[in-house]
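# The sequence isn't on hand, but the structure is:
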């Protein structure tokens, strides 16, 4: 009887994980460059029980696994702001995180700090760093598709896009920024990605699909919860039996 409780409880935990992923997607529907999460379910350990000469295979329930993010390109949104940048193709902007590591992000909403250095929305400087000379405003900047940054006839630097061999294994660092690790592979130059200036890439969250998945997942959670209540009632009845 306890097997039923364990299976239903693991099912609730799996459904909760998917609910968390869907909620995160919906909360970031308007976040530039956001990629929706992908969650898959897998069976837990199976075991064979010998009950009165009959072998029965029972499972321990299910688990949810986050298997990365949907890499589909989000829609481009024209803003006309010189430091709003979008990436066409597979690639990431590189920023320097407070811990000294290189962060990767698709959110191209950049600005300049008090020193004139180009930074992301969280204040992390672009890598390699690019600074505006004194007296030069962002409106004077031109950013070519290959990332070359110019102001008038002066070249200020180049935005170098990056990618990793296995982006599904990047670690989330918050604020839409990710860090490379051994599973994702080392950071390397993006081969074919291009930059569009004055444009932001919208999130690729499909709100209608997310809402439909939310309802389905909630129903699954309720079903597992009902199974636990039924198992509890059956255990209570069994405890009241007298020999």
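Arrived safely. This one's a predicted model, so the numbers in the text were calculated from it and none came from an experiment.
# Which helix in the chain has the most residues?
Ranked by residue count and defined by DSSP state H, the top helix of the chain is helix 207-240.
# And it, what's buried?
210, 213, 214, 217, 220, 221, 224, 227, 228, 231 (16 or more other Cβ atoms under 10 Å). Bear in mind the C-beta positions are built from the backbone N, C-alpha and C, glycine included.
# which stretches of this protein have low pLDDT?
Regions of the chain meeting the criterion pLDDT under 70 cover residues 1-6, 42-61, 64, 66, 242-243.
# and with 80 instead?
The model of the chain has pLDDT under 80 over residues 1-11, 40-68, 224, 227-243.
# residues in contact with residue 155?
Residues near residue 155 by Cβ atoms under 8 Å, 6 or more residues apart in numbering: 148, 149.
# Quick check: phi and psi at it.
When quoted as degrees, to the nearest 10, the phi and psi of residue 155 stand at phi -90, psi 120.
# Quick check: it vs residue 136, distance?
Separation of residue 155 from residue 136 (Cβ to Cβ, to the nearest Å): 12 Å.
# repeat for residue 28
According to Cβ to Cβ, residue 28 and residue 136 sit 33 Å apart.
# cool, and residue 38?
43 Å.
# go on, residue 24?
For residue 24 relative to residue 136 (Cβ to Cβ), the value is 39 Å.
# Next: residue 236.
The value you get for residue 236 to residue 136, if Cβ to Cβ is used, is 76 Å.
# from what I can see residue 172 touches residue 180, true?
No - assessed by Cβ atoms under 8 Å, residue 172 is found out of contact with residue 180, at 12.0 Å.
# quick one: which of those two has more around it?
Relative neighbour count places residue 180 above the other of residue 172 and residue 180, with 24 against 13, counting by other Cβ atoms under 10 Å.
# Remind me which helix or strand the closest residue to residue 127 other than its chain neighbours belongs to.
Among residues not flanking residue 127 along the chain, residue 94 sits closest, at 4.1 Å (Cβ to Cβ, 6 or more residues apart in numbering). Element membership of residue 94, judged by DSSP states H and E, is strand 93-96.
# Does the helix or strand following that strand pack against any helices or strands, and if so which?
Toward the C-terminal end, the helix or strand that comes next after strand 93-96 (DSSP H and E) is strand 102-105. Packing contacts for strand 102-105, counted by 3 or more Cβ pairs under 8 Å, 6 or more residues apart in numbering; DSSP states H and E, involve strand 93-96, strand 177-179.
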